[in-house]
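In: sharing a sequence plus its predicted fold:
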Amino acid sequence: MSKYGLEARMTIHIVITVVIVSIIMTAITASMYERKYQEELNNELESAISITEKIIDIEISKVETAANTAAQLYDYEGYDKDDVDSILTRSIKGNPVQFATTIILDNSYPSNDKLFAVVSFNDKINILNISRDNLTHLKEDDNWTHSYINGEKYWSLPYQYTTNDSTELNLISYSIPITNKNGKIYGIYCSSITIDWLEKTIIESKQQDNIDVTVVADDGSYIIKPGEIIAKTPSEDLVVKKHRIERLGWNFIFSSPRSTIMHCVWEAVFKIVGFVTLLILILCISIIYNVRHVARPFVNEQKQIAQDKASMDKEVSLAANIQRKLLTDSAITHPLFTLNASLTPAKNIGGDLYDYTFRNNKLYFCIGDVSGKGMSASLFMAMTTVLFRHTINEEHITSPSEIVTKINKSLTLENPECMFVTFFTGILDLADGALQYCNAGHNAPVLNADFLHDTYGMPMGIDPDSEYVTVNTHLNPGDKLLLYTDGVTEAMSNNNEYYGDDRLIKLLAKIRDAASCDTISKINDDIAAFASGAEQFDDITMLCINYKPSL
């Protein structure tokens, strides 16, 4: 009975789990698909806008190009009426979308003929020459007044035109000022087109029937009136995209009912939830059948993993303690100099190092950055530190380049993982401020607010025969030398921006007179403010020496 009781309890738990998971899956899936279909609908609306604008731009550009070309050919004082008719006729034949091409002249022109027009309607081209008397009865629309007065190219708002057979057409016109040889405006060249092609363009641009398009001119008049979708759907239940074509003064409103999204959402949700529910039931039955055979080994395995992890954490903690003990004290005060250092590892253990020794009135110091992370980098760092301390105690080693050369040969002998370390070391004579240093591929230190960019050698641990150079310089009383690893300049903000060399130099120039301990503290504070809580990816190490600081 206990066996069946256990299975019954497990079955009840499984059923409850399936119901809860199904409800959660329904909510999550609905939310995901709502965003997905919302994005797809937005993309469809954007695509419709793009296609519509492209087609309209093509048609409008054809008209503008034909009109601009014809206007450039036209010098009215050099042509008679037949020539003008020829220009207008060629322009309209070359661009079938045009309904009419017109030249309108003001009263300063001596001829009685003030208006010339060529009209294309029902595949027929008619040439109209209208006399002065007829010109006085023309309505001076916005094309004529705007282009003539302002002397600029202009697209009109839509207007209606009635043909001789009482057909009403919706037109827009593109007008260009005409000037004489003296640059005086005395008329306009006008190209008119119907906008019947606009509805066809919009129908072709729609990828689905559930998209409705309204086009409104700047004066509030409808070029294309709202369709059935907008008329039947409340505004709050519509997904709307608006777009404006500046050159025409047209406002496009693309709309689609939100119910379309939800219909697709629930259709997808029911399919997915049903499938997931079936999978969960099959999984649960499998669990019931195999629980006694799988559970115990799995628990034992997890326990062993936890023990191994605890052991590893203990070893890492022990290694971190050993590493910290290898580091020299982070501060020293002397009548002739002050020295401060800091090391902030990115993980429990790191690969950065610094060290210094003071003897025979000389200060020996170094800083380094081991390639890679973790335990191997920590061991390589420890080895480099020990080698530095041993090498500087050898009497025949008198220059930084000899120190680096000796350490490099030792590191390359036992380096199966091909690790390397960038390294900078120097010897400061405290009596006269003479400074010797050698750079093995490390970041250039900063003296006051300028980089020491003299020389770079290859990082240690790569080639046992690498050659290194000692550089000589001099520190004046009050000079401050900052050594650092690339964790300083490569610290990252939440915007994936590096702290960088320029920001470091500007800060050092600003705190030029700060003590060495304050210098390191202010740099660490500035990096923390710059990073704004972003994850630290590399060790941040600094060593600052202030020679003969003013008291």
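Out: Noted; the coordinates are in hand.

In: where do the helices sit along the stretch 401-550 of the chain?
Out: 486-489, 500-510, 516-531 (DSSP state H, counting those that start in this stretch).

In: so which of the ones you listed gets nearest Ile392?
Out: Ile392 lies closest to helix 516-531 among these, at 21.5 Å (C-beta to C-beta). Just so you know, the C-beta spots here come from the backbone N, C-alpha and C atoms, and that holds for glycine as well.

In: the closest one vs helix 500-510, what angle?
Out: For helix 516-531 against helix 500-510, the angle by axes from the mean of the first three to the mean of the last three C-alpha atoms, to 10 degrees is 140 degrees.

In: buried sites along helix 516-531?
Out: Ser516, Cys517, Thr519, Ile520, Ser521, Ile523, Asp526, Ile527, Phe530, Ala531 (16 or more other C-beta atoms under 10 Å).

In: quick one, which of the helices of the stretch 401-550 of the chain is nearest to Phe254?
Out: helix 516-531 (44.1 Å).

In: could I have the CA atoms of stretch 183-198 written out in PDB?
Out: C-alpha atoms of stretch 183-198 as PDB (Å, rounded to 0.1, in the frame of the first residue of the first chain):
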ATOM      1  CA  GLY A 183      17.800  87.300 -63.900                       C
ATOM      2  CA  LYS A 184      14.300  88.900 -63.500                       C
ATOM      3  CA  ILE A 185      11.400  86.500 -62.900                       C
ATOM      4  CA  TYR A 186       8.700  86.900 -65.500                       C
ATOM      5  CA  GLY A 187       6.800  83.600 -65.300                       C
ATOM      6  CA  ILE A 188       6.700  80.000 -64.200                       C
ATOM      7  CA  TYR A 189       7.100  76.500 -65.700                       C
ATOM      8  CA  CYS A 190       4.600  74.100 -64.300                       C
ATOM      9  CA  SER A 191       4.200  70.300 -64.500                       C
ATOM     10  CA  SER A 192       0.900  68.800 -63.200                       C
ATOM     11  CA  ILE A 193       0.300  65.200 -62.400                       C
ATOM     12  CA  THR A 194      -2.800  63.300 -61.200                       C
ATOM     13  CA  ILE A 195      -2.600  61.500 -57.900                       C
ATOM     14  CA  ASP A 196      -4.800  58.600 -58.900                       C
ATOM     15  CA  TRP A 197      -1.700  56.400 -59.000                       C
ATOM     16  CA  LEU A 198      -1.200  57.000 -55.300                       C
END
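
In: columns distance to Asp450 on top of the helices of the stretch 401-550 of the chain, output as a markdown table?
Out: Converted to a markdown table, the helices of the stretch 401-550 of the chain look like this (distance: least, C-beta to C-beta, whole Å):
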| stretch | distance to Asp450 |
| --- | --- |
| helix 486-489 | 15 |
| helix 500-510 | 8 |
| helix 516-531 | 15 |
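
In: Cys190: neighbour count?
Out: Residues near Cys190, counting by other C-beta atoms under 10 Å, number 25.

In: mind giving me the packing neighbours of the helix or strand where it lies?
Out: In the assignment (DSSP states H and E), Cys190 maps to strand 185-194. In this structure, strand 185-194 packs against helix 2-73, strand 98-105, helix 142-150, strand 168-179, with contacts taken as 3 or more C-beta pairs under 8 Å, 6 or more residues apart in numbering; DSSP states H and E.

In: quick check: buried residues in that strand?
Out: Counting neighbours by 16+ other C-beta under 10 Å, strand 185-194 gives Ile185, Tyr186, Gly187, Ile188, Tyr189, Cys190, Ser191, Ser192, Ile193, Thr194 as buried.

In: please name whichever of those residues scores lowest on pLDDT.
Out: Within the buried residues of strand 185-194, pLDDT reaches its minimum at Tyr186, with 72.

In: tell me the spacing between it and Ile540.
Out: For Tyr186, the distance to Ile540 equals 77 Å [C-beta to C-beta, to the nearest Å].

In: what do you get for Gly441?
Out: 19 Å.

In: compare neighbour counts for the two and give me the winner.
Out: Neighbours per residue, other C-beta under 10 Å: of Gly441 and Ile540, the larger number sits with Ile540, 25 against 18.

In: number of residues surrounding the closest residue to that one other than its chain neighbours?
Out: With sequence-adjacent residues excluded and distances taken as C-beta to C-beta, 6 or more residues apart in numbering, Ile540 is closest to Gly487, at 4.0 Å. A count of nearby residues for Gly487, using other C-beta under 10 Å, gives 24.

In: make sure Gly487 is actually in contact with Pro345.
Out: No. Gly487 is not in contact with Pro345 according to C-beta atoms under 8 Å; the separation is 9.2 Å.

In: joint contacts of those two?
Out: Jointly contacting Gly487 and Pro345 under the rule C-beta atoms under 8 Å, 6 or more residues apart in numbering are Asp352, Asp539.

In: returning to what we had before: partner strands of the strand holding Cys190, with direction?
Out: strand 98-105 (antiparallel), strand 168-179 (antiparallel) (DSSP bridges).

In: tell me which of the ones you listed is the most buried.
Out: strand 98-105 (a mean of 23; mean count of other C-beta atoms under 10 Å).

In: per-residue confidence averaged over it?
Out: On average, strand 98-105 scores 76.

In: also stretch 361-378?
Out: 87.

In: do stretch 416-427 as well
Out: 91.

In: quote the end-to-end distance of it.
Out: Terminal residues of stretch 416-427 are spaced 31 Å apart (C-alpha to C-alpha, to the nearest Å).

In: Ile245: neighbour count?
Out: Count around Ile245 with other C-beta under 10 Å applied: 16.

In: list the contacts for it?
Out: Applying C-beta under 8 Å, 6+ apart, the residues near Ile245 are Glu53, Ile56, Phe252.

In: format those residues as TSV; extra columns: neighbour count and pLDDT.
Out: Formatted as TSV, the contacts of Ile245 follow (neighbours: other C-beta atoms under 10 Å; pLDDT from 0 to 100):
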residue	neighbour count	pLDDT
Glu53	16	76
Ile56	21	78
Phe252	21	81
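
In: and which of those residues is nearest to Asp450?
Out: Among those, and counting by C-beta to C-beta, the member closest to Asp450 is Glu53, at 55.3 Å.

In: wait, the closest one sits on Arg247?
Out: No. The criterion here is C-beta under 8 Å, and Glu53 misses it with Arg247 at 10.7 Å.

In: this protein - how does it break down into domains?
Out: 2-60+198-260, 74-189, 327-547 (automatic domain parsing).

In: kindly reformat those domains as CSV containing distance to Asn68.
Out: Formatted as CSV, the domains of the chain follow (distance: least, C-beta to C-beta, whole Å):
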stretch, distance to Asn68
domain 2-60+198-260, 12
domain 74-189, 7
domain 327-547, 47
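
In: of these, flag the one that's most buried.
Out: It is domain 327-547: most buried of those by mean count of other C-beta under 10 Å, with a mean of 18.
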